[in-house]
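**Student:** everything below, folded, please.
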Amino acid sequence: MSKESNITQLKKVDFFEAVLPAFEEVVKNKDYVFYGNDNMFPQYLIQLHDYSALHRTCITAKRDNVVGKYLTTEDPENEDRLMIANSFDTVFDVYKKCSFDMVMFGGYCMQVIYKEDRSLGISEFYHLDFSKVRSGKKNEVGVVTEYYYSDDWSNVRKNPIKTIPSFNMLNTDEPIQMIYYNTYTPSQSYYPKVDYLASLQSINIDVEIKNFHLSNIQNSLNPSLWVNFNNGTPSADEREEMYQHIQGRYSGSGSGSSGTGAGALFLSFSESKETSPEITQIQSQSNDTLFQTVGDMVDQAILVGHRVTSPLLIGIRDTGGGLGSNKDEIEVAYSHWTNTVIKPIQRQLLEMFDKILFLRDRKPINIQVVQNKIIDLEI
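**Tutor:** Numbers count the residues shown, from 1 in each chain. Presented below is the predicted three-dimensional model:
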């Protein structure tokens, strides 16, 4: 055996650096502006909504309160104008879908169809999925004149991009136009910043903590295993056979397609005990306490990001010493949340709906939302 074979080779291993999708507007040599560096930022937001329980609960609670019980008007004679938006939806149906997009993405889209005689205004309007729309570039006067739609932006070959002119009350030559509404944010020209943007990292941590615990359970909470053989190095096929044999023995409760819950297995070979590697196990430092502490911080950050002043507002018992279960305290918190979070979102929606119904019916209307009650004693 050569002298070099007894020398321990060390290699620096860098820890994985988490890189999260960033919100940004990317102008490339395309007709449309990328929504995020990979043009898939809305889909990333949808994924977070689907996998973080607390974040999803906050989104759902905000949406339900923005939607309210139903829509009404100051003048009872205008109630019939809320019945039909198109062949399939009432005005309230479209409002509910736009409310969800507004809470999730900070904006919403609607497609308007003009009457055959353009001078008579709009005939109907539809909700359009905000996540599937991309903005065109501004013209010389700073106006976006076209938007682009695809059912799946990750595969535009199978889902061709459609061009839709932007809504223009003075341009009735285009029978189908798109209303693209997004909340104004300084430095942003095309896409809205979600109001929970600052808590995206916390939402990611929430998802990853759950994934970590799930992996532990699937691996039967077993530690990693290092097995060293001191009788020389066999061929590649023999090493693989030995690995499969040991892995089959070292298994816990079924998980995954293989039906084994084995932890990570390290297999090494050396000529003798004198040249075998020395394995030192690093004991975890109170992981349970650590993850509990981090989890509490993450939950708080998510609630702050959504401006939820009390967990009770979204149906979660408050165990952190905040607002208690006193009825008056809950109603005060709900009133504050409604006036500072919910109603501003409603105004951004209702102003546009008032405008659309005026263009359709040539009569003004003032739509209002009948609010939910945090404590409703009516049966």
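
**Student:** show me the shaky parts of the stretch 251-379 of the chain.
**Tutor:** Residue ranges of the stretch 251-379 of the chain with pLDDT under 70: 251-267, 272-291, 318-326, 376-379.

**Student:** ranges for the helices of it?
**Tutor:** Along the stretch 251-379 of the chain, the stretches classed as helices by DSSP state H, counting those that start in this stretch are 287-305, 327-337, 343-361.

**Student:** show me what the first one is packed up against.
**Tutor:** Judged by 3 or more Cβ pairs under 8 Å, 6 or more residues apart in numbering; DSSP states H and E, helix 287-305 is in contact with helix 53-67, helix 200-218. To be clear about C-beta, it is placed using only N, CA and C from the backbone, and glycine gets the same treatment.

**Student:** out of those, deepest packed?
**Tutor:** By mean neighbour count, with neighbours taken as mean count of other Cβ atoms under 10 Å, helix 53-67 ranks first of the helices and strands packed on helix 287-305 at a mean of 20.

**Student:** tilt between that one and helix 327-337?
**Tutor:** 80 degrees (axes from the mean of the first three to the mean of the last three Cα atoms, to 10 degrees).

**Student:** helix 53-67: what's the following helix or strand?
**Tutor:** Counting by DSSP states H and E, the next helix or strand C-terminal to helix 53-67 is strand 70-73.

**Student:** what's the following helix or strand past that next one in contact with?
**Tutor:** Going down the chain from strand 70-73, the next helix or strand is helix 91-105, by DSSP H and E. Outside helix 91-105, the residues that touch it by Cβ atoms under 8 Å, 6 or more residues apart in numbering are 42, 45-46, 49, 59, 62-63, 66-67, 70-71, 81-86, 107-110, 125-127, 129-131, 192, 194, 345, 348-349, 353, 357, 367.

**Student:** quick one, which of these are buried?
**Tutor:** Among the contacts of helix 91-105, those classed as buried by neighbour count (16 or more other Cβ atoms under 10 Å) are 42, 45, 49, 59, 62-63, 66-67, 71, 81-82, 85-86, 107-110, 125-127, 130-131, 192, 194, 345, 348-349, 353, 357, 367.

**Student:** please name the nearest non-neighbouring residue to residue 135.
**Tutor:** In space, and not counting its chain neighbours, residue 135 is closest to residue 190: 4.1 Å by Cβ to Cβ, 6 or more residues apart in numbering.

**Student:** residues contacting that neighbour?
**Tutor:** 25, 33, 35, 135, 138, 144, 182.

**Student:** same check, this time on residue 55
**Tutor:** Counting by Cβ under 8 Å, 6+ apart, residue 55 has contacts 48, 49, 196, 203, 206, 302, 306.

**Student:** let's have the residues you listed in JSON lines, adding distance to residue 98.
**Tutor:** Below are the contacts of residue 55 laid out as JSON lines (distance: Cβ to Cβ, whole Å):
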{"residue": "48", "distance to residue 98": "20"}
{"residue": "49", "distance to residue 98": "17"}
{"residue": "196", "distance to residue 98": "18"}
{"residue": "203", "distance to residue 98": "23"}
{"residue": "206", "distance to residue 98": "27"}
{"residue": "302", "distance to residue 98": "24"}
{"residue": "306", "distance to residue 98": "19"}
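
**Student:** which of the residues you listed has the weakest pLDDT?
**Tutor:** pLDDT across the contacts of residue 55 is lowest for residue 206, at 89.

**Student:** can you tell me how far that one sits from residue 59?
**Tutor:** Distance, residue 206 to residue 59, using Cβ to Cβ, to the nearest Å: 13 Å.

**Student:** so residue 114 sits against residue 175, correct?
**Tutor:** Yes. Contact criterion Cβ atoms under 8 Å: residue 114 and residue 175 qualify, at 5.1 Å.

**Student:** higher neighbour count, these two?
**Tutor:** For residue 114 versus residue 175, the count of surrounding residues by other Cβ atoms under 10 Å is larger for residue 114: 20 against 13.
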